[in-house]
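>>> below: sequence and its predicted model.
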Amino acid sequence: MSNLYSISKMAKRVGVSISTFRRWDDSGQLVAKRHASGHRFYDESDVRSVLHIQTNDLRTLYIAHKDRLVRFGFDLIEHTAKMNGCEIVVVNQQSLSPQQEMIEDLLAIVHTFSCRLYGLRSYKKKIKEVCLEGSSRTQD
């Protein structure tokens with residue numbers, strides 16, 4: 001049995017407002033199923049429709065590098081795409097050894113954190129003031 005979603009749960013699941021779902025239902029773009037009480041509900045096929053993961057919707061996805069689609073877990077995304085009839089084509093495929101790939105990942109992480117530290121330089125004076133304020137409180 002597939003999962004059933006109320007309009008609010010569906011909105012949270014796919015990141016679209018409740019009023020958008022009502023508008024789609026009224027225009028016939030995404031017709032909701034209704035309980036006997038008249039409340040709207042959706043199932044997994046509606047989730048796929050909204051997220052455009054239908055089999056015939058996207059057959060081939062071209063990306064420049066694997067990292068541009070997702071930083072980690074590319075194999076999972078690729079498997080999911082294949083299960084839904086979509087092929088992911090990496091245009092700039094580099095054949096790196098696992099060691100070289102690990103080195104590049106570590107350099108990217110170090111670069112990211114060094115940029116964050118560089119950005120903290122503008123707060124240097126404020127940090128010193130807070131530290132001095134904290135040390136003067138402990139002495140009192």
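Looks like it arrived, so ask away. This one's a predicted model, so the numbers in the text were calculated from it and none came from an experiment.

>>> rest of the way, CA atoms for contacts and neighbours
OK.

>>> in the protein, which spans are helices?
7-14, 18-27, 44-51, 66-69, 74-83, 98-119, 124-139 (DSSP state H).

>>> rebuild those as CSV, extending it with mean pLDDT, distance to Val89 and mean neighbour count.
Conversion of the helices of the chain to CSV gives the following (pLDDT from 0 to 100; distance: least, CA to CA, whole Å; neighbours: other CA atoms under 10 Å):
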stretch, mean pLDDT, distance to Val89, mean neighbour count
helix 7-14, 82, 26, 15
helix 18-27, 82, 33, 14
helix 44-51, 72, 20, 14
helix 66-69, 73, 9, 14
helix 74-83, 83, 10, 14
helix 98-119, 85, 19, 12
helix 124-139, 78, 46, 10
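
>>> out of these, which is closest to Val91?
Checking the helices of the chain against Val91 by CA to CA gives helix 66-69 as the closest, at 9.1 Å.

>>> for the closest one, the distance to its chain's centre please.
The chain centroid and the centroid of helix 66-69 are separated by 13 Å under CA atoms, centre = their mean, to the nearest Å.

>>> who touches it?
Outside helix 66-69, the residues that touch it by CA atoms under 8 Å, 6 or more residues apart in numbering are 63, 74, 90.
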